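S.K.: Quick one, structure for this:
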Amino acid sequence: MVNNAQMIITSWGDDFAHSVSSPQLPGIVAAFDDLPSPAEVHSLAVEAGLDPDGSIDGHMEFALEIEGDTFLLRARHDARFDDRRDVAHRIERALHTDAGIREYAETDSLGDKVVVAALPNDRLRDVMATVLVDQPVTIGCVTNPGTLEFIGISMASTVEYRRTLADMDLTSSSTVGELMLRANGAEPSDVVQHERVLVGA
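M.R.: From the prediction side, this is the model:
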């Protein structure tokens with residue numbers, strides 16, 4: 001049985017249902033006409049293999065169709081969700097207006113581009129807990145003095161990223177802010193894209 005599961009609730013738009021998925025509980029296939037309650041999500045997780053005394057972490061995800069690509073914009077739903085939602089709104093604006101950012105986000109095996117709205121003190125392992133081992137993800141984070149920074153990361157050993165966390169003297173316990181700081185090397189700008197990084201599973 002699974003003791004903890006990351007539960008991702010995806011909104012496909014105002015006229016569509018919400019779906020629920022979890023990397024830790026791959027058997028989940030569920031759709032709700034309205035946003036499911038925490039109790040409904042927990043019951044679904046238990047039915048799929050979560051220990052009844054186990055815990056879940058919730059994440060809201062919004063599907064965006066932009067210039068022929070599907071972007072899944074994700075944010076952890078906890079006490080700081082409002083802060084992450086502000087970051088998500090800024091990321092969404094960047095995706096709509098900046099072709100370079102749209103191209104930078106990598107496509108996964110399902111043809112989607114997953115972008116996680118994170119805060120500087122979010123731990124990398126918590127961000128990566130929401131994705132599959134072979135699934136690339138792009139992290140967007142607002143750093144001081146308000147710069148929106150992006151960095152692509154993956155746990156897949158088959159990717160050919162030139163840098164690893166170890167190269168940067170970081171671990172999966174490091175924060176997104178620390179990763180962005182070590183990535184550096186970019187010219188000052190309102191929006192920065194960093195070289196992608198391989199994260200150990």
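S.K.: show me where pLDDT drops low in the chain?
M.R.: The chain contains residues with pLDDT under 70 at 157-159, 161, 185-190, 200-201.
S.K.: Run through the helices of it in chain order.
M.R.: 38-47, 81-97, 99-104, 124-128, 176-183 (DSSP state H).
S.K.: For the first one, buried residues please.
M.R.: Residues of helix 38-47 classed as buried: 41-42, 44-46 (neighbour count, 16 or more other Cβ atoms under 10 Å). From N, CA and C alone the C-beta is placed, and that goes for glycine too.
S.K.: from those, which is closest to residue 87?
M.R.: Nearest to residue 87, judged by Cβ to Cβ, of those is residue 41 at 22.9 Å.
S.K.: Look up how far residue 9 lies from that closest one.
M.R.: Residue 41 is 7 Å from residue 9, where distance means Cβ to Cβ, to the nearest Å.
S.K.: what do these two both touch?
M.R.: Residues touching both residue 41 and residue 9 by Cβ atoms under 8 Å, 6 or more residues apart in numbering: 20, 58.
S.K.: Domain boundaries for this structure, per the record?
M.R.: Listed by automatic domain parsing, the domain ranges of the chain are 2-61, 67-198.
S.K.: From the opening residue of the longest one to its closing one, how far?
M.R.: Spelled out, it's domain 67-198. From its first residue to its last, domain 67-198 covers 28 Å (Cα to Cα, to the nearest Å).
S.K.: before we move on, the earlier item: so which of the helices of the chain comes closest to residue 163?
M.R.: The nearest among the helices of the chain, by Cβ to Cβ, is helix 176-183 at 8.4 Å.
S.K.: packing partners for that closest one?
M.R.: Applying 3 or more Cβ pairs under 8 Å, 6 or more residues apart in numbering; DSSP states H and E, we find helix 176-183 packed against helix 124-128, strand 137-143, strand 147-154, strand 191-198.
S.K.: Kindly recompute the last result at 6 Å.
M.R.: Applying 3 or more Cβ pairs under 6 Å, 6 or more residues apart in numbering; DSSP states H and E, one finds that helix 176-183 contacts strand 137-143.
S.K.: Just the buried positions in the strand it packs on, please.
M.R.: In strand 137-143, counting by 16+ other Cβ under 10 Å, buried: 137-142.
S.K.: Parallel or antiparallel, which strands does that strand pair with?
M.R.: Sheet neighbours of strand 137-143, with direction, are listed as strand 112-118 (parallel), strand 147-154 (antiparallel) (DSSP bridges).
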